[in-house]
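Novice: Give me a 3D structure for the following:
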Amino acid sequence: MNKTMLTIVLSVLLSGITAFSVVKATVPENEPAQTTTSYTMDGAAYRTVNLSQDNWPDFSYAAESAVDAVVFVKVTVKSTMQYYNDPIMRFFFGDQLPQEREQQGSGSGVIIRQDGYIVTNNHVVQGANKIEVTLNNNKTYEATIVGTDPATDVALIKIDAQGLPIVPIGDSDKLRLGEWVLAIGSPLGEQLRGTITAGIVSAKGRSMPNTTGEFKIESFIQTDAAVNPGNSGGALVNKAGELVGINTAIVSQTGAYSGYSFAVPSNIVKKIVGDLIDFGSVKRAKLGVAMSPVNEKIAKEMKLSSLDGVYINEVSKSGAADKAGVKEGDVLLAIDSTVIKSPAALQEKVNSFHPGDKAVLKIVRDGKVKELPVVFQGTEQITGTVDEDGATAFYGGSLKESDKGVVIVSAGNGKLAKAGATDGVIILYVNDQRVSKPRDVIDIAYRSKRAIYIEGVDPTGKSVYFGFAKDE
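Specialist: Numbers count the residues shown, from 1 in each chain. This next block holds a predicted model:
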């Protein structure tokens, strides 16, 4: 090869290397997502996101860090079958003694403190006589109920253990639509413990039809992560492995997952369990309004720029909203810096406060925006809280199971005492329904729409009757 030809070959090779280097420098391996602007046929601008080939979600950290803190919860419920109220049974078999039977159910739970505090759903442990918790390492513990809050379907239980793995509680308010989340739990029983499924946040602030008449606070996170019976009480975590919700319900015509699942937001859970640990009961703030969504008619009449906010249908006399100056016909737009878009969102926000807390209400009246300082009031709640002595809180008093019925350990100084209850009374019937344990009393009281009527006997055997209006 002559000198001229060698020079040409070397030049070509050098040019190729240089060109390759330029390409490598201008197209990095880990190209971040880029946002560009495109235009529709009518000239409207919209944004499009270009993802690099390797910019896909990786759930391994979130899954591996959270799965050991999600537990299997097994409950045993004893129920008594009564025959004496059935005239046909009495005719053929005479007066039969009550018969006891056991039923078992299961769900999931999430360890939130290393010393054994576990959050789950109220409906998982409701009425349980025995609760067993199995960790991901197969160790089993007997658990006790610290407290429950049926209004949010949150319960707190505890096992005697130390140094347990936990899931840190995240901020559910920061969740964004379309954000990836993981559901962790025990769908369909113990054999599928620690099952992990993925989905996105489909919606926020969801509520579901309430046909029971019970007081409910619902502002669910809706996801399409697969959740089935047994997942109740399990964890909904974000990509950082933080707890952002407690999986609670599905909507299905078959009883199995069909694309929709719902979780209680972690900010609600954090408030409830914090109250149960610190105070032994839920300290719930009350605004004192009846409300409805803002529709197009209301928005037009009040000259609103959107359908955000809630329309105030009624204001409770001497309630927190009334004292703040809120009037019927106002539209509530925000509390402090939180924009209110629906009644469910308002319930969630109010539930984050304690009685006595202060805030600023932003309302619209007569086309003008006003800011009204408010001091939240409290409302007496029957939370079913169980104290160290095993007594269950009930309208300012406390109840315990006895061999004859439910004994009032202490009438306290709340509604129970004001209605005429005294210490030592044995409760036999609540709203004409036989009761045998404190949970029966609480469940019937929650189902009651207006009043609670109690029949029983005092320590001398004398019949006693008393009742009171249920809290709104």
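Novice: How confident is the prediction for residue 282, by pLDDT?
Specialist: At residue 282, the model reports a pLDDT of 83.
Novice: so how far is residue 420 from it?
Specialist: For residue 282, the distance to residue 420 (C-beta to C-beta, to the nearest Å) stands at 26 Å. Where C-beta positions appear, they are placed from N, C-alpha and C, glycine not excepted.
Novice: neighbour count winner among those two?
Specialist: Of the pair residue 282 and residue 420, residue 282 is the one with more neighbours under other C-beta atoms under 10 Å, namely 26 against 14.
Novice: Is that one in contact with residue 276, as I believe?
Specialist: Yes - using C-beta atoms under 8 Å as the test, residue 282 is close enough to residue 276 to be in contact (6.8 Å).
Novice: Toward the C-terminus, what is the element adjacent to whichever strand or helix holds residue 345?
Specialist: Assignment of secondary structure by DSSP states H and E places residue 345 within helix 343-351. Heading C-terminal from helix 343-351, the first helix or strand you meet, by DSSP H and E, is strand 358-365.
Novice: what distance separates that next one from the middle of the whole chain?
Specialist: Strand 358-365 sits 26 Å away from the centroid of its parent chain (C-alpha atoms, centre = their mean, to the nearest Å).
Novice: try stretch 152-169
Specialist: A distance of 15 Å separates the C-alpha centroid of stretch 152-169 from that of its chain, computed with C-alpha atoms, centre = their mean.
Novice: From start to finish, how long is that stretch in a straight line?
Specialist: The first and last residues of stretch 152-169 sit 17 Å apart, counting by C-alpha to C-alpha, to the nearest Å.
Novice: residues contacting residue 348?
Specialist: Under the criterion of C-beta atoms under 8 Å, 6 or more residues apart in numbering, the neighbours of residue 348 are 205, 217, 219, 265, 267, 268.
Novice: any idea how far residue 239 is from the fifth one?
Specialist: Going from residue 267 to residue 239 by C-beta to C-beta gives 18 Å.
Novice: Residue 144 now?
Specialist: Residue 144 sits 34 Å away from residue 239 when distances are taken as C-beta to C-beta.
Novice: Touching stretch 454-472 from outside, list them.
Specialist: Counting contacts by C-beta under 8 Å, 6+ apart, the residues outside stretch 454-472 that touch it are 215, 316, 379-381, 395, 405, 415-416, 418-422, 424-430, 445, 448-453.
Novice: Please repeat the previous calculation with a cut-off of 7 Å.
Specialist: Applying C-beta atoms under 7 Å, 6 or more residues apart in numbering, the set of residues contacting stretch 454-472 from outside is 379-380, 405, 415, 419-422, 424-430, 448, 450-453.
Novice: Distance from it to the middle of the chain?
Specialist: Centroid separation between stretch 454-472 and its chain, computed with C-alpha atoms, centre = their mean, is 33 Å.
Novice: residues of that stretch that come out buried?
Specialist: Along stretch 454-472, these residues count as buried under the neighbour rule (16 or more other C-beta atoms under 10 Å): 454, 455, 456, 457, 464, 466, 468, 470.
Novice: So among the contacts of residue 348, where is pLDDT lowest?
Specialist: residue 217 (75).
Novice: where does residue 298 fall, phi/psi-wise?
Specialist: The phi and psi values for residue 298, taken as degrees, to the nearest 10, are phi -60, psi -40.
Novice: For the closest residue to it other than its chain neighbours, grab the count of nearby residues.
Specialist: Setting aside the residues directly before and after it, residue 298 is nearest to residue 311 in space (C-beta to C-beta, 6 or more residues apart in numbering), at 5.4 Å. The tally of other residues near residue 311 (other C-beta under 10 Å) stands at 21.
Novice: do residue 322 as well
Specialist: Using other C-beta under 10 Å as the criterion, the residues surrounding residue 322 number 17.
Novice: Check residue 203 too.
Specialist: So residue 203, with other C-beta under 10 Å, has 12 neighbours.
Novice: Enumerate every residue touching it.
Specialist: Contacts of residue 203 (C-beta under 7 Å, 6+ apart): residue 222.
Novice: List the residues that contact the residue nearest to residue 135 when sequence neighbours are not counted.
Specialist: Taking C-beta to C-beta, 6+ apart as the measure, residue 135 lies nearest to residue 71, with 5.5 Å between them; neighbours along the chain are not counted. Applying C-beta under 7 Å, 6+ apart, one finds that residue 71 lies in contact with 108, 109, 111, 118, 133, 134, 135.
Novice: Go through those residues and say which is closest to residue 175.
Specialist: Residue 175 has its nearest neighbour among those in residue 108, at 20.3 Å by C-beta to C-beta.
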